[in-house]
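**Q** got a predicted structure plus its sequence, pasted below:
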Amino acid sequence: MELDLKGRVVVVTGAARGIGRGIVDRFLAEGARVAALDLSFDDRPGEEASDRLIEVACDVTDAASVAAAVEAVRSRFGRVDVLVNNAGITVDAPFEQIAPERFRAVMDVNVTGTFLMARAVAPIMKEQRSGRILNAASFAAIVPAYGGAAYAASKAAVVQLTRVLAGELGPWGVTVNCYAPGMVPTGINGFAELAPEAQERLLDTLTLRRWEEPDDIARLLVFLASDAASYLTGALIDVSGGKLATQIPAKAYEAAQGLHPRFA
Ligand SMILES: NC(=O)c1ccc[n+]([C@@H]2O[C@H](COP(=O)([O-])OP(=O)(O)OC[C@H]3O[C@@H](n4cnc5c(N)ncnc54)[C@H](O)[C@@H]3O)[C@@H](O)[C@H]2O)c1
């Protein structure tokens with residue numbers, strides 16, 4: 001089975017850093033043409049080195065900015081085969097401490113941004129009678145965490161939005177799926193800066209006990225964008241390394257090392 005993406009046009013939002021950058025790099029490596037969208041690329045001067053890559057300033061919460069960015073992609077590459085709605089923000093605080101404007105901002109980027117981007121590429125994909133929309137949900141959409149009132153609610157909304165869009169775009173051969181990463185140390189969570197004990201506590205929630213890499217997600221997205229995934233739509237795919245797949249994943253590691261009192 002070949003996952004041939006050569007020449008496909010892939011739009012990735014929130015692509016200046018973190019997981020988004022990893023997604024851009026993976027799709028470029030697979031031969032795709034990539035439009036990287038983000039608020040700005042100021043901290044990455046001169047990175048746009050490939051004739052298969054454009055970097056476009058875009059605020060996904062602003063309909064005019066989104067329309068201009070999608071038009072820039074169309075005029076450069078002529079089509080849009082894949083949209084990855086990766087841009088996202090969070091606020092990590094008990095719900096009574098979340099300022100209303102911060103709650104709205106999280107909803108605006110994560111939910112409205114996904115809606116606006118999908119709305120902007122839909123006419124192009126319908127005209128092509130093909131397309132793939134891939135939305136970043138989160139494990140928080142499956143099991144929320146303390147402090148995640150805005151974030152978990154927004155990601156659960158992304159899952160339901162995905163299903164609605166899948167239903168509405170099915171007649172045009174456009175598929176829409178979302179995915180749930182677990183724990184990738186990036187600027188959004190600061191995991192890499194936590195004290196070692198705090199990091200261990202988080203790693204203890206994982207069946208595959210290591211931090212997730214952006215490329216763990218990007219390789220799933222390559223599959224979802226390929227012809228191999230043509231019968232898959234409206235799905236939420238857990239790519240969290242089995243976060244809480246069992247109640248206490250660390251037990252298996254203790255047992256495997258002969259450290260568990262009952263299974264040594
Ligand atoms: N890191 C994780 O562990 C994790 C887990 C589950 C889900 N996710 C999701 O993956 C996605 C990427 O997260 P990340 O960890 O790379 O975060 P990140 O903070 O490193 O990157 C997010 C990017 O989105 C951009 N962005 C923010 N607001 C924007 C806007 N209005 N318009 C355009 N771009 C905007 C930022 O500038 C940034 O480059 C997010 O949707 C996040 O919720 C991340």
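**A** Received, thanks. All values derive from a computational prediction rather than experimental measurement.
**Q** wait, doesn't residue 252 sit right on residue 246?
**A** Yes - counting by C-beta atoms under 8 Å, residue 246 is a contact partner of residue 252 at 7.5 Å. C-beta coordinates here come from the backbone N, C-alpha and C atoms, glycine included.
**Q** so between the two, which is more surrounded?
**A** residue 252 (14 against 10; other C-beta atoms under 10 Å).
**Q** please tell me how far the more buried one sits from residue 260.
**A** 9 Å (C-beta to C-beta, to the nearest Å).
**Q** identify the contacts common to residue 252 and residue 246.
**A** residue 207 (C-beta atoms under 8 Å, 6 or more residues apart in numbering).
**Q** mind checking pLDDT for residue 18?
**A** Here, the pLDDT recorded for residue 18 equals 98.
**Q** try residue 25
**A** Predicted confidence (pLDDT) for residue 25: 97.
**Q** got it, and residue 42?
**A** Listed pLDDT for residue 42 reads 81.
**Q** report how many residues lie close to it.
**A** Other residues lying near residue 42 total 9 when counted by other C-beta under 10 Å.
**Q** do residue 150 as well
**A** A total of 22 residues lie near residue 150 under the criterion other C-beta under 10 Å.
**Q** need the contact list for residue 21.
**A** Contacts were defined as C-beta under 8 Å, 6+ apart; by that measure residue 21 touches 15, 36, 214.
**Q** looks to me like the first one is in a strand.
**A** No - judged by DSSP: H, G, I helix; E, B strand; the rest coil, residue 15 forms no part of a strand; its state is coil.
**Q** what's the residue lying closest to it once chain neighbours are set aside sitting at in phi/psi?
**A** Excluding its sequence neighbours, the residue lying closest to residue 15 (C-beta to C-beta, 6 or more residues apart in numbering) is residue 36, at 3.6 Å. When read as degrees, to the nearest 10, the backbone of residue 36 gives phi -90, psi 120.
**Q** same check, this time on residue 211
**A** phi -60, psi 150.
**Q** flag the shaky bits of the stretch 151-264 of the chain, pLDDT-wise.
**A** Along the stretch 151-264 of the chain, no part satisfies pLDDT under 70.
**Q** tell me which stretches of it form helices.
**A** Ranges of helices in the stretch 151-264 of the chain, per DSSP state H, counting those that start in this stretch, are 196-203, 214-225, 250-256.
**Q** how about the longest one as CSV, C-alpha atoms only?
**A** In CSV, the C-alpha atoms belonging to helix 214-225 read as follows (Å, rounded to 0.1, in the frame of the first residue of the first chain):
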residue,chain,number,x,y,z
PRO,A,214,4.8,15.9,16.5
ASP,A,215,5.7,13.3,13.9
ASP,A,216,3.6,10.7,15.7
ILE,A,217,0.6,12.8,14.8
ALA,A,218,1.9,13.9,11.4
ARG,A,219,2.3,10.3,10.2
LEU,A,220,-1.3,9.6,11.1
LEU,A,221,-2.3,12.7,9.1
VAL,A,222,-0.4,11.4,6.1
PHE,A,223,-2.5,8.2,6.2
LEU,A,224,-5.7,10.2,6.7
ALA,A,225,-4.8,12.5,3.8
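**Q** who's in contact with it?
**A** 3, 5, 8, 10, 18-23, 25-27, 30, 32, 81-82, 84, 132, 134, 177, 179, 181, 184, 186, 229, 232, 237, 239, 241.
**Q** and for the last one?
**A** With contact meaning C-beta under 8 Å, 6+ apart, helix 250-256 is reached by 204, 205, 207, 209, 246, 260, 263, 264.
**Q** out of those, who's nearest the ligand?
**A** Lowest distance from the ligand to the contacts of helix 250-256 (C-beta to the nearest ligand atom) belongs to residue 205, with 12.1 Å.
**Q** circling back: turn the contacts of residue 21 into a markdown table, including distance to residue 157.
**A** Output for these, formatted as a markdown table (distance: C-beta to C-beta, whole Å):
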| residue | distance to residue 157 |
| --- | --- |
| 15 | 22 |
| 36 | 25 |
| 214 | 23 |
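**Q** those residues also near the ligand: which ones?
**A** For the ligand, no contacts are drawn from the contacts of residue 21 by C-beta under 6 Å from any ligand atom.
**Q** pull out the buried residues from those.
**A** 15, 36, 214 (16 or more other C-beta atoms under 10 Å).
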